[in-house]
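S.K.: sequence plus the predicted model coming up.
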Amino acid sequence: MSEWVAAWRDGIRRRWTIVRLMPTISRPMAWSIGGVGLVSVVLPSAFTLATGGLVGAVPAAVEHGLDSGPGRHLLVLLAVVAGLFVAQQVVSPVLNVLVTSLGIRVNAVLRARVMRALLAPPGVRHLEDPAHQDTLALAKDVGPSQVPPGQAVQGLTELVMTRSRGVLAMVIVATMLPEVAFPMAAVHLVLRRTIRKDFLDTIKLIVGGTQTLRRSSYFRDVGLTPAAAKELRVFGLSGWVHDTYGFHWNATMADVWRERREQIRHTVGWLGLTAFAHFVAFLVVGRAAMRGELSLGQVAVLTGAIFEMESIGGVGNGDFGVEYGMAAFDAVPKLEELGRTEAAASTGRRSSDGLPVEAIRFEDVEFTYPGQDRPVFSHLDLEIRAGESLAVVGENGAGKTTLVKLLARLYDPQSGRITVDGVDLRDLDARAWQRRVGAIFQDFVHYPFTAQDNVAVGAAELLSDAAAVRDAAAKAGATAVVDKLDHGWDTVLSRLSTDGADLSGGEWQRIGLARALLAVRGGAGVLVLDEPTANLDVRAEAEIYDRFLELTGGLTTLLISHRFSTVRQADRIIVLEHGLVVEDGTHDTLLATAGRYAEMFRMQAARFAEDEVGA
Amino acid sequence: MTSTTSDKVISPSDGKGWVRPLAEMVRLSFQADPRGALVMLVLRIVGAVANGAFAVLTKQLVDGAIARDETRMVHAAVGFGIVTALSWTSGWIGFRMRLALEERVSLLVDRRLLLLSAGLPGIEHHERPDYMKELELLRSSRLTLAQTPGALFETISSILRLFVAAAILGRLHPALILLPLFAVPSALASGKAIRMQQKVYEDMVEDQRLATALFALTTTAEPAKEVRLFGIGDEIVRRYEVAAMGIERAVHRMRVRGAYLQIAGWVVFSLGYAGAIVFVVVRAVEGRSTPGDVILALNLAAQVNGQVSGLVGVVSWLQATLKATRRYVWLDDYGAEITTAMAARPQVPVPDRLTTGIDFAGVSFRYPGTDRDILTGVDLHLPAGATVAVVGENGAGKTTLVKLLCRFYEPTTGRILVDGADLAGMDVGGWRDRMSAGFQDFAKLELVARQTVGVGRLSRLDDEPAVTAALGRASALDVVVTLDDGLETQLGRQFDDGTELSMGQWQKLALGRAMMREDPLLLVLDEPTASLDAQTEHSLFERYAGAAARVASTTGAITVLVSHRFSTVRMADLIVVVEGGTVSEVGSHRELLARGGTYAELYELQARGYR
């Protein structure tokens, strides 16, 4: 029992959070909802009372005629009934507008809060850790229920109004026939509990089937979106995707349907109870009326009010909104807490202005991604000297990109440390340090912005500096890409946008490079180039490596590439294998030592060299 | 001569027809679950009648009590019990059955969509912006489509409710039948308000998409990296707030206007309502009707407007569903048209082996709905048994060439001949059974590793040795070695315990997929190795070309490789240089070097880096 009370109190507390939030979103709206809501609660009962009065006044008016006192009384009541009728109709659309608009605002405000919370930590671990995925999914409302938090506001308003109307109706009935009012209310409450439980159980089944359901929607999206369209066709997979989708979907829904059939079966019993309760109630009303204990007007009021009492129970959209919107709602503070905790972990405050002057060092660094067993690095030692360009070569999965993530403090190592000019990276102000690092990642972002903004995002303070943007674009060879667009720099780079245009892989890469170069202009002293030329054609690639020195002059550069023509331009090259630096030197010294690098380079070079003789 | 037929298909937004979509809706509901649909229909009818019965019973109770007529009064009470039971049955059980039916319809719709979309031979609908938008709208209106039975049955039920109410009022006095007429302005206002609402949401689609994309930028791991380094988190939140608040303002403004309209409608109806009760009350005062009649009129008249605007509501709902159904019918027609066009061509069997090779004969191509030729008059012979490398700058038309070979599109003019027979006449599925491909924009299929690779040949999906062998051919076994559960590891981050791979690792698995088929007539590799090191690409090609050469002697298989790496390209038997939509040079590495044209220049550019 105490458990039940605790759950109930928890429910009230959570709902109270919503109520408290409402005025902070918009005070006038919240108060209007309260005021209009109160009116909308009172109106139906007032209407029921007035119609009762009207009907009750009929006999007297019949006796004395309309011109008499009772007749005028009837006419007044008639006007009151009509007035209340109009009022009811006016109130409902107004309330609807207020609640919907506030709901939309709540969504926007809460989402913005989630965005800020998740942006707060300098690292990105909280976004990748499988432990937080469910909470994240809830806040993004990409969970299976897909109910945004604003629905909780709408749902709660609806629930409060409906319940209050029901209670008011009960009070009216109770003043005349308490022996009908209370048992009837009890029936409605018991019914509500049962239906609500059924309702929530079903949804729980669907939500509980998240994994299978997610799998089925995954297959559906594979079939309906462009990402896998080509392979789907070449390999003749449409039938298989279709069948697998159906299989996973049926696996989830089979339980849901079984549950529902079961519920329909036991619902029949409850239907009997309701029917009986109404029979008895009206029998009591009828008998009391016949005995003259109730006036005609009272009978009219009672028939209306007894039906209005349904509002005490009943389960509907309001419950759905509250229950599922609540889940998204509750996820927000959890994510804010997560953001705070993660952000608090980075306590460093030291300035990183002008760093590094000397070197960045990885000292016995160990690192494993959250949720994974295999460490990427166990004992990594590496020195990146200030002002030099360092190329990292290695097989796929050797940890090249992870190196960058650690360097940029997107992750902290589990043990060992990374220092900048001897200062532990963790002692530096993380935000400021990150601004010292400009990068083009392999999976750099295609922003749904204009071409101008797609470059401008490289440096927050140069967002509106068109000249700087064009300058960076020129350096990256992106000017020609933009020039051929219909609206030039103002073209939105998304195929789904009106007048937008998408770019090819190679063209995007130039935009990404321009972005990284703008970051340098904005103050980054460390430039990271992660596969910057993978999709470029020969001419563009040649252009980049011809200008490599110019682009990286005066910067500490980390280059990850499979293209030796670019790699060899670097001051220093390391080969990364199984999380360790196995070779370290300049292009010439590495060639002289005849290790992995020399082997790889020679093999490539040999293929080109043959022709010097032949051609 | 083949040409794409798709331009003739009208865009779904133009469609105003409703007969076929409506028929389609009925069919969907009954096809999904015939018994369930029938029961639903009966329940909604019962519910509608029960609704009218309440008002009549109230009258009976009141009149019975006044007349001290115990039998009549008890009958009324019994009636309340029965009608309550019926009404709640219609409500509760009907609601659950509706959900179950809608779930079944949603499965049916999704399956049909999958068959339609994924079953289309081409990919125009995935690449042409206007079709993409339609498909995206169709995908996002899946839930609306699933609500088909609800929309349908609620409309029927609403119409019936109105009829019942009007009939009872009419029995009271024929003049009262006129009352529903006063609800017409309100109905029109509701309809208008709903249309305005739909329009504002459609107008806001792009802003909504932007807001969603901005939200994802801060809440997913991949973009989070550069968002931090560039320090643009605040800017993204700011843009999000601008977009989201813009949407809110637009919706609010429209809703306020809608509310005014609705209120105006209600005021008109209220006049009718007041008139009706005055009429009935006056008749009661004159002794021509009973107090029970007054209650009956008050109850029913109050319901009429709700019913009329409720009807407008469900009709709008029905219209939204019709709109979605129209898109669905569009896709269906589009698919049917392509199938018919294909069937109309002379059928050519897919050869078992290639003897002469594949020829492009005067092939030109422009993407449907655009006015620029991507390929112009391409004549090209790919000899049987050859490895062919295609080189050229970004945007030269290399990928388009590949798309035509895969039959994602048909040439706008000209023909592709396979051993002299028109490729367009071959069964698409049959042709693809004999080819394989790897793409630059490969799919990251988040399945267990075995299946991610195995789907390259469905009949060997669960055949571990076959998958391992394919990975071997793709030089990709090293990826599996690093996975905790080997081939049984769940890949990707969407599912619990999924392992995310690096870009290069994904690419290797995609290559393994392409290598699942051992004896294709055609293997197409469109820059499938951009994230791999040169050595991997080289040995991959070497190994594959070696195997191909062996197979070539029996099947005459052709390998086409698009690559920017000349160390690999030079190994090909034949090199094709594509420039500005035409083939500018064809020949062996030596021939092309000797010619001193574009190839020689590009080669020299890259070779420079290794000297």
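M.R.: In hand now; what should we look at? Residues are numbered from 1 along each chain as shown, chains lettered A, B, ... in the order given.

S.K.: excluding sequence neighbours, find me the nearest residue to residue A:57.
M.R.: residue A:74 (4.4 Å; C-beta to C-beta, 6 or more residues apart in numbering or on different chains). C-beta: built from backbone N, CA, C; applies to glycine.

S.K.: which one is residue 244 nearest to, not counting chain neighbours?
M.R.: Chain wasn't specified; assuming chain A. Closest to residue A:244 by C-beta to C-beta, 6+ apart is residue A:219, at 5.1 Å.

S.K.: that answer is for a different chain, and I need it for chain B
M.R.: residue A:108 (3.6 Å).

S.K.: local confidence estimate at that neighbour?
M.R.: Predicted confidence (pLDDT) at residue A:108: the value is 90.

S.K.: hmm, residue B:242 and it touching each other?
M.R.: No. Counting by C-beta atoms under 8 Å, residue A:108 sits too far from residue B:242 to count as a contact (10.2 Å).

S.K.: okay, these two: which has more neighbours?
M.R.: Neighbour tally, residue A:108 and residue B:242, criterion other C-beta atoms under 10 Å in any protein chain shown: the higher count belongs to residue A:108, 22 against 14.

S.K.: for that one, what are its contacts?
M.R.: Contact analysis of residue A:108 by C-beta atoms under 8 Å, 6 or more residues apart in numbering or on different chains lists B:241, B:244, B:245, B:247, B:248.

S.K.: if we can go back for a sec, now the residue nearest to residue A:57: which helix or strand?
M.R.: Taking DSSP states H and E as the definition, residue A:74 sits inside helix A:69-119.

S.K.: what helices or strands is the following helix or strand past that helix leaning on?
M.R.: Using DSSP H and E, the helix or strand that follows helix A:69-119 towards the C-terminus is helix A:125-128. Packing contacts for helix A:125-128, counted by 3 or more C-beta pairs under 8 Å, 6 or more residues apart in numbering or on different chains; DSSP states H and E, involve helix A:326-345, helix B:221-230.

S.K.: now do helix A:125-128: everything it contacts.
M.R.: In this structure, residues lying in contact with helix A:125-128 by C-beta under 8 Å, 6+ apart are A:118, A:132, A:136, A:338-339, A:342, A:369-371, A:410-412, B:219-221, B:224, B:493, B:500.

S.K.: next one: stretch A:472-491
M.R.: Stretch A:472-491 is contacted by residues A:450-452, A:455, A:458, A:466, A:469-470, A:499-501, A:503, A:507, A:510-511, A:513-515, A:517-518, A:521, A:540, A:543-544, A:547, A:551 when judged by C-beta under 8 Å, 6+ apart.

S.K.: okay, and which of those map to helices?
M.R.: Among the contacts of stretch A:472-491, DSSP state H puts A:451-452, A:455, A:466, A:469-470, A:507, A:510-511, A:513-515, A:517-518, A:521, A:540, A:543-544, A:551 in helices.

S.K.: restrict those residues to contacts with chain B.
M.R.: A:507, A:515, A:540 (C-beta under 8 Å from any C-beta of the partner chain).

S.K.: who wins for neighbours among those?
M.R.: Neighbour max across those (other C-beta under 10 Å) = residue A:515, 28 neighbours.

S.K.: can you tell me the helix or strand for residue B:27?
M.R.: helix B:19-32.

S.K.: list the residues that contact the residue nearest the centre of chain B.
M.R.: Central residue of chain B (C-alpha atoms, centre = their mean): residue B:139, 3.2 Å from the mean position. By C-beta under 8 Å, 6+ apart, the contact set of residue B:139 is A:224, A:225, B:113.

S.K.: among those residues, which lie within helices?
M.R.: Per DSSP H, the contacts of residue B:139 map to helices at A:224, B:113.

S.K.: in JSON lines, list the contacts of residue B:139 along with pLDDT.
M.R.: Converted to JSON lines, those look like this (pLDDT from 0 to 100):
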{"residue": "A:224", "pLDDT": "84"}
{"residue": "A:225", "pLDDT": "82"}
{"residue": "B:113", "pLDDT": "84"}
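
S.K.: would you turn the contacts of residue B:139 into a markdown table with neighbour count and distance to residue B:427?
M.R.: What follows is those, written out as a markdown table (neighbours: other C-beta atoms under 10 Å in any protein chain shown; distance: C-beta to C-beta, whole Å):
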| residue | neighbour count | distance to residue B:427 |
| --- | --- | --- |
| A:224 | 24 | 24 |
| A:225 | 16 | 26 |
| B:113 | 23 | 23 |
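
S.K.: closest to residue B:439 out of the contacts of residue B:139?
M.R.: Residue B:439 has its nearest neighbour among the contacts of residue B:139 in residue A:225, at 15.3 Å by C-beta to C-beta.

S.K.: flag the shaky bits of the chain, pLDDT-wise.
M.R.: Went with chain A since none was named. Residue ranges of chain A with pLDDT under 70: A:1, A:139-147, A:207-210, A:610-615.

S.K.: wait, chain B was what I had in mind.
M.R.: Residue ranges of chain B with pLDDT under 70: B:1-17, B:309, B:531, B:534, B:545, B:547-552.

S.K.: what segments of it are strands?
M.R.: Assigned by DSSP state E, the strands in chain B fall at B:357-365, B:375-383, B:387-391, B:413-418, B:421-422, B:435-439, B:522-526, B:558-562, B:574-579, B:582-587.

S.K.: now the stretch 201-350 of chain A
M.R.: Applying DSSP state E, counting those that start in this stretch to the stretch 201-350 of chain A gives no strands.

S.K.: just the element for the closest residue to chain B within chain A, please.
M.R.: Nearest to chain B in chain A, going by C-beta to the nearest C-beta, is residue A:565, at a distance of 2.3 Å. For residue A:565, the enclosing helix or strand under DSSP H and E is helix A:564-567.

S.K.: packing partners for that helix?
M.R.: The contact analysis (3+ C-beta pairs under 8 Å, 6+ apart) places helix A:564-567 against strand A:389-394, helix A:538-546, helix A:596-614.

S.K.: okay if I get those as CSV plus distance to residue A:489?
M.R.: Listed next are the helices and strands packed on helix A:564-567 as CSV, based on distance: least, C-beta to C-beta, whole Å:
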stretch, distance to residue A:489
strand A:389-394, 30
helix A:538-546, 20
helix A:596-614, 38
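
S.K.: most tightly surrounded among these?
M.R.: Scoring the helices and strands packed on helix A:564-567 by mean neighbour count under mean count of other C-beta atoms under 10 Å in any protein chain shown gives strand A:389-394 as the most buried, with a mean of 24.

S.K.: before we move on, back to that, which of the helices and strands packed on helix A:125-128 sits closest to residue B:33?
M.R.: That would be, of the helices and strands packed on helix A:125-128 and by C-beta to C-beta, helix A:326-345, which comes in at 29.9 Å.

S.K.: residue B:163: neighbour count?
M.R.: By other C-beta under 10 Å, neighbour count at residue B:163 equals 15.

S.K.: same question, the one 5 residues further on
M.R.: The local packing of residue B:168 (other C-beta under 10 Å) involves 19 other residues.
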